[in-house]
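> What follows is a predicted protein model with its sequence.
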Amino acid sequence: MSAGPDTSVAWLLSADAVRERAHALLAEAERGALDHFELHPECLDEAADLVVEVTRDCYPDLAVPYHSRWRHFVVNGEDRWVKLAETLDCLDADELARIRIDLAVVSVLLDAGAGDLWRYRDADGAELMRSEGLAIASFDMFRHGAFAESTGLLRLRADADALMDIAESTLADGFQVSAGNPLVGLDGRVALLRRLGKALNKAPDLFGRPARVGNLYDHLKAQAPGGVLPASAILSAVLRGLGPIWPGRIELEGVNLGDVWRHPTGGLVPFHKLSQWLTYSLVEPLEDAGMRVIGLDGLTGLPEYRNGGLLVDTGVLAPKDPRVLADALEVGDPAVVEWRALTVALLDRLADGVRARLGVPAEAFPLAKVLQGGTWTAGRWIARERRPDGSPPIRIRSDGTVF
């Protein structure tokens with residue numbers, strides 16, 4: 001298998017690279033040439049049937065929203081963001097979009113796996129875990145001004161200086177962390193927010209002066225002639241602006257590549273999972289502010305444990321080595337790289353099967369809706385059916401910045 005243009009930083013920092021490398025590893029799996037996984041494509045029908053069942057159950061009218069952080073701000077039928085936004089009718093559309101981008105970026109970056117033991121209890125008494133718990137915890141911190149330099153309405157923002165100075169105790173208190181309620185990767189999340197603050201100050205063309213996450217809106221608006229913005233432009237800005245925040249990763253030409261890993265067969269394999277999920281999560285604020293985002297299917301499916309777990313639990317992917325299911329693996333383990341790459345490529349194929357069963361065209365039902373409808377929920381559902389604690393079939397040692 002050709003290693004491809006490993007040395008092209010611009011290419012590796014693109015969704016095209018994610019998809020191309022993923023499909024190259026899928027081709028190796030089809031030849032039976034991968035070390036860690038066997039491919040059983042006949043099981044894709046079962047996976048597609050389950051995704052369709054879940055989608056019709058959750059969205060009988062097939063009015064599926066995008067897979068994004070905004071879905072996690074809904075608890076027991078109440079949309080916490082909408083409730084907060086009702087108090088902000090004095091703000092114009094541009095400032096509201098900036099606030100939403102402030103919130104989305106910080107909340108997505110804080111959502112990288114919570115572990116099996118952590119819970120968050122909100123003011124209404126709801127006990128939440130995993131992504132939903134992390135979302136509401138970060139939302140509550142945001143609305144109380146944990147990431148801002150100012151008070152009043154100006155507390156609803158994420159400022160560079162506040163992020164650089166955030167204390168571990170602030171995050172621990174906000175996430176209700178204790179000896180009996182441990183959160184995986186707490187120190188990694190604190191370090192990530194501090195690096196985020198520094199990155200904002202280093203990119204005034206993206207984040208303005210004084211630097212603020214939400215000022216990314218103004219940069220993107222300037223990239224949208226006639227109000228039309230390619231999704232690739234959002235991802236490019238996210239990767240360029242947030243690239244310096246990722247810890248201890250591969251660098252090329254002085255550029256931190258972020259969520260890119262080495263594989264013995266595939267060379268450098270990019271994923272940019274959090275960056276792509278963040279891109280999906282910025283679409284709604286931008287569209288609600290009047291832009292039209294195009295080319296959404298140029299992004300890829302997200303290589304995380306719910307989508308990947310669905311493929312393992314339905315038998316599409318079968319680990320060759322028992323340790324893959326028995327041990328907690330590092331993110332950079334070749335087995336994890338294979339699993340994530342195969343997940344990206346197989347989500348493309350799975351999406352085709354789901355759309356065919358639902359009778360919807362790709363242009364009306366992009367991958368972002370397949371994920372939401374969808375593969376993520378189906379992955380969680382089958383995990384709960386297979387394991388009492390709902391944990392994924394493959395366990396990852398998270399540092400709080402990938403999963």
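That came in fine, so what should we check first? Numbering: from 1, shown residues only.
> all strands for the stretch 101-250 of the chain, in order.
With DSSP state E, counting those that start in this stretch as the criterion, the stretch 101-250 of the chain has strands at 120-121, 127-128, 228-230.
> so what strands line up beside the first one?
Read that as strand 120-121. Using DSSP bridges, strand 120-121 pairs in its sheet with strand 127-128 (antiparallel).
> what comes into contact with the strand it pairs with?
Residues outside strand 127-128 that contact it (CB atoms under 8 Å, 6 or more residues apart in numbering) are 75, 119-122, 136-137. To be clear about C-beta, it is placed using only N, CA and C from the backbone, and glycine gets the same treatment.
> 10 Å instead, please
Applying CB atoms under 10 Å, 6 or more residues apart in numbering, the contact partners of strand 127-128 are 72, 75-76, 114, 118-122, 133-137.
> Tell me which of the residues you listed fall in helices.
133-137 (DSSP state H).
> Of the contacts of strand 127-128, which qualify as buried by neighbour count?
Buried subset of those (neighbour count, 16 or more other CB atoms under 10 Å): 72, 75, 114, 118, 120, 122, 133-137.
> got the contacts of strand 127-128 as a markdown table, with pLDDT and distance to Asp352 columns?
As requested, those are arranged in a markdown table below (pLDDT from 0 to 100; distance: CB to CB, whole Å):
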| residue | pLDDT | distance to Asp352 |
| --- | --- | --- |
| His72 | 91 | 27 |
| Val75 | 88 | 33 |
| Asn76 | 86 | 34 |
| Ala114 | 70 | 32 |
| Trp118 | 89 | 36 |
| Arg119 | 94 | 38 |
| Tyr120 | 94 | 37 |
| Arg121 | 92 | 41 |
| Asp122 | 89 | 39 |
| Gly133 | 90 | 33 |
| Leu134 | 91 | 31 |
| Ala135 | 93 | 30 |
| Ile136 | 94 | 34 |
| Ala137 | 95 | 37 |
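> Quick check: Glu251 vs Gln276, distance?
21 Å (CB to CB, to the nearest Å).
> any idea which of the contacts of strand 127-128 is the one closest to Val331?
Set against Val331, the nearest of the contacts of strand 127-128 by CB to CB is Ala114 (15.7 Å).
> OK, contacts around the closest one?
Contacts of Ala114 by CB under 10 Å, 6+ apart are 120, 128-134, 137, 175, 182-186, 398, 400, 403.
> ok, 7 Å please
Neighbour list for Ala114: 129-130, 133-134, 183-184 [criterion: CB atoms under 7 Å, 6 or more residues apart in numbering].
> check contacts around Tyr40.
If you look again at residue 40, you'll see it is His, not Tyr. His40 neighbours (CB under 7 Å, 6+ apart): 315-316, 318.
> Please work out how many residues are found near Arg386.
14 (other CB atoms under 10 Å).
> With adjacent residues omitted, what lies nearest to it?
Asp313 (5.5 Å; CB to CB, 6 or more residues apart in numbering).
> Is it correct that that neighbour is in contact with Ile382?
Yes. Asp313 is within contact range of Ile382, at 4.5 Å (criterion: CB atoms under 7 Å).
> Could you measure from the residue nearest to Pro244 when sequence neighbours are not counted over to Tyr120?
Nearest residue to Pro244 in three dimensions, chain neighbours excluded: Ala199, at 4.5 Å (CB to CB, 6+ apart). Per CB to CB, Ala199 is found 27 Å from Tyr120.
> Please apply the same query to Leu26.
37 Å.
> returning to what we had before: quick one, which of Glu251 and Gln276 is more surrounded?
Gln276 (25 against 12).
> Give me the helices and strands touching the host helix or strand of that one, please.
In the assignment (DSSP states H and E), Gln276 maps to helix 273-288. In this structure, helix 273-288 packs against helix 93-109, helix 231-242, strand 292-294, with contacts taken as 3 or more CB pairs under 7 Å, 6 or more residues apart in numbering; DSSP states H and E.
> after the second one, next one along is what?
Where DSSP H and E defines the elements, the next helix or strand beyond helix 231-242 is strand 251-252.
> Which strands border the helix or strand immediately after that following strand in the chain, and is each parallel or antiparallel?
Downstream of strand 251-252, the next assigned helix or strand under DSSP H and E is strand 255-256. Partner strands and pairing direction for strand 255-256 (DSSP bridges) are strand 251-252 (antiparallel).
> Bridging across strands, which residues link to Leu317?
Those that pair with Leu317 in a beta bridge, by DSSP bridges, are Leu39.
> Next one: it, what pLDDT does it get?
What the model reports for Leu317 is a pLDDT of 98.
> Equivalent analysis for Thr265, please.
pLDDT, Thr265: 84.
> Check Arg189 too.
Taking Arg189 on its own, its pLDDT is 88.
> That one: how many residues sit nearby?
25.
> can I assume it is in contact with Thr170?
No. Applying CB under 7 Å, one finds Arg189 not in contact with Thr170, separated by 11.1 Å.
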